[in-house]
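Asker: Here is my input, please return the structure:
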Amino acid sequence: MRQSSSVCVLYSRDDDLLKQIEAYAVESMRVRQVDSIERLDAQLHQLTHFVLVIDLRVENALSSCGEVVSNRHDIAVIALGVPRSEPMLEAERQGVYATEEIPLVRTRFQALLKRAYRFLQLQIENASLRDQVSRSASALPAPASAAQAAKSSRSQAGAPFSKSFRHINNLQALMENIVESVASSALVSRAGIFCKARGDSTYVMYAGIRCMEDTHEVTYDDDEALVHWLRTQGCQITRGNLDHIPEYSTRMMLKQELDGVGAEVILPLQGRTKLLGWMFLGNRGTGLPFDYHDLEQLVVMAEQITTTIENALLYEEIALQKTMAETLLQSIPTGIVSIDTNGYVRTVNEAAQQCLNVKASSVLNQQVARLGSRIADVLLRAVRFSPTVAPKEWMDYRSNHVLVVEAHRLMDGDACLGAVAMIHDVTEKRQLEKKQEQVERASFWNDLAASMSHEVRNPLVAIKTFAQLLPERYEDEEFRSEFGTIVSQEVDKLNRIIEQINDFANPPKLRFSSLQIEEVLEKGISKALEHEHTDGISINTFFDPGLAAIEGDTKALTECFSSLITNAFEATYDQGDSKIDISVKHRKGKGVDAVVVTITDNGPGIPVEFRDKVFSPFCTSKPRGMGLGLPIAKRIAIDHNGSIEIETAPRGTQVVVTLPVSMQRVAQGAER
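Answerer: Residues are numbered from 1 along each chain as shown. From the prediction side, this is the model:
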């Protein structure tokens, strides 16, 4: 807990010196700067037992130093000046506590402040011991009884306030109004109020009348001695009653606090859960001291003030939360509309006004039907039937916007307060999707034309070449035989191209049956081996024992695996150490088991520019081919409620096909 005697007053006009001393001061010490004789005199009248640092470079500083040393033995004076200068030597002769050279040295000056602080503490302790001896020698006179006090002259301290506490929505104005009302009612020469508002870390003076000059600069932390005493004792501090406090150090601390603000009474403002602050009052205008009745009335007054400030702080907090909520509501891009249980509109934010092409002033506190029948239906169903109404999309006829609206019931425990609708304007999104669809459709036909041009031209060129040579070499039997073979092969290529495009555009209807994945995969490998570029490539297969059956179309799955394995052949052909690993494993999942087929090759991987569009039609990095293998394979997997994932790197590609296990077979296995 910080002791109030740990105050350091600096008499100087050097701001840099002030910053140095603030940085060097011991942790519990407060530093105050005064730059004139008048302000120094004010501090000398207000404070006791403090450290006074005098900058001898200031005019008249030396004479002030001598006066303080001669008249105030409760102050430790430290003189700062130029080494071995005449002012420094004179200060030493005057008997100051210590002298220190400028510029300051951190370690030396900190040690000096600690010694001075300890010197003051010893003074207080010695005075406390002398006081205890004196108090034990003669008992203190008993305080006047309440009945006697009641007979004393009555003042106006307990009279009603001349002005009601207003400005509850403005804390600063409220504080000023309180001080004016109290000063007028209690007929005091000065009054002030210290308070710690929401978010503040210190107690500061909010308002005051005829206060001393430095009072506005004083702040108190939570660990200050005065704050601790008010928080724990919770009673008023009166100069006339200080003698009833047993501890001398506490009496000195409270006296110093009264002197510091020029007060006769300090009234704690103790809220329901914490100390809000305190109010101080100076001498009465009549010059008479506060009597017992006055002090009683001041306690009642303090309770009224505390309640008013608490209400103001609560109002400020609620107002802040309301402002933040309204600002957030207006700033979010999602439209928000809320209604009460009777269907009256209570909230329409800016985004909702734009989405619905309405103004808040025309629909607030009106029936929700003013916003349109569709949104009214969604909100009223949330209030009366379903706690949540799933998102619905429609074109709003008033704003010509495409809206997606969902609603939720608002609850306070078990009580329904109404419903809120969240409105998303997806007009731009739908327009972009439409444009993207048009672009993709155009891109599709461009890719198809380019692929067809490339794939069809080669067979046609071969057929045309042989057809041109046929009249000249018709008599050549070997040429006629070669002509028939090549033309037939090229026509077959054209036919396969047409079939592949037809299968992609019009996929055949799948015929599902229970099948073993091993058999389908073997058929896919055999079909892939019929293609070129398979020589010298080793295929390693691994199957988990006891694989469950799956539901699928044998022809479609064979085509899927054949296409994937053919891609692996083409990626690893002519590599020297080419190999393909195929593994089939059973994977148990939540609710549905699956068969996982992994095809791994050690080829160079898929080129970077093609990785994001490997499943796009007509996208291929091969010199030949339509680029329909992977798109068709993915569609087959999806048609079987499965999936295909591809991971590729410069050292190979891995394709993972996941297919769900036949639920019928699983059930039969469970029965067995």
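Asker: Tell me how far residue 492 lies from residue 187.
Answerer: Distance, residue 492 to residue 187, using C-beta to C-beta, to the nearest Å: 117 Å. All C-beta atoms are positioned from the backbone trio N, CA, C, and that covers glycine.
Asker: And for residue 392?
Answerer: The gap separating residue 392 from residue 187 is 71 Å, by C-beta to C-beta.
Asker: now residue 10
Answerer: To residue 187, residue 10 is 37 Å away according to C-beta to C-beta.
Asker: So if I had to pick from these two, which one is more boxed in?
Answerer: Ranked by neighbour count (other C-beta atoms under 10 Å), residue 10 and residue 187 place residue 10 first, with 24 against 17.
Asker: For the helix or strand containing that one, give the mean pLDDT please.
Answerer: Under the criterion of DSSP states H and E, residue 10 resides in strand 7-11. In this model, strand 7-11 has a mean pLDDT of 91.
Asker: what sits up against it?
Answerer: The contact list for strand 7-11, computed with C-beta atoms under 8 Å, 6 or more residues apart in numbering, reads 17-18, 21, 25, 29-35, 40, 43, 47, 50-55, 58, 61, 64, 113.
Asker: do stretch 401-409 as well
Answerer: Contacts for stretch 401-409 (C-beta under 8 Å, 6+ apart): 355, 357, 374-375, 378-379, 381-383, 386-396, 416, 418-427, 430.
Asker: Any buried residues in it, and which?
Answerer: Residues of stretch 401-409 classed as buried: 401, 402, 403, 405, 406, 407, 408, 409 (neighbour count, 16 or more other C-beta atoms under 10 Å).
Asker: Surely the third one forms part of a strand?
Answerer: Yes: counting by DSSP: H, G, I helix; E, B strand; the rest coil, one finds residue 403 located in a strand.
Asker: Tell me what it is bridged to.
Answerer: Beta-bridge partners for residue 403, by DSSP bridges, are residue 394, residue 425.
Asker: For residue 363, see how far away it is.
Answerer: Taking C-beta to C-beta as the measure, residue 403 falls 16 Å from residue 363.
Asker: do the same with the fourth one
Answerer: As defined by C-beta to C-beta, residue 405 lies at a distance of 15 Å from residue 363.
Asker: How far away from the center of its chain is the very next helix or strand once past the strand holding residue 10?
Answerer: Later in the chain than strand 7-11, the nearest helix or strand by DSSP H and E is helix 15-24. Relative to the centre of its chain, helix 15-24 is centred 37 Å away, using C-alpha atoms, centre = their mean, to the nearest Å.
Asker: same thing with stretch 295-314?
Answerer: Mean-position distance between stretch 295-314 and its chain equals 37 Å (C-alpha atoms, centre = their mean).
Asker: Equivalent analysis for stretch 553-573, please.
Answerer: Distance of stretch 553-573 from the chain centroid (C-alpha atoms, centre = their mean) equals 51 Å.
Asker: thinking again about what came up before, out of the contacts of stretch 401-409, which are buried?
Answerer: By 16+ other C-beta under 10 Å, the contacts of stretch 401-409 give 355, 375, 378-379, 382-383, 389, 396, 416, 418-425, 427 as buried.
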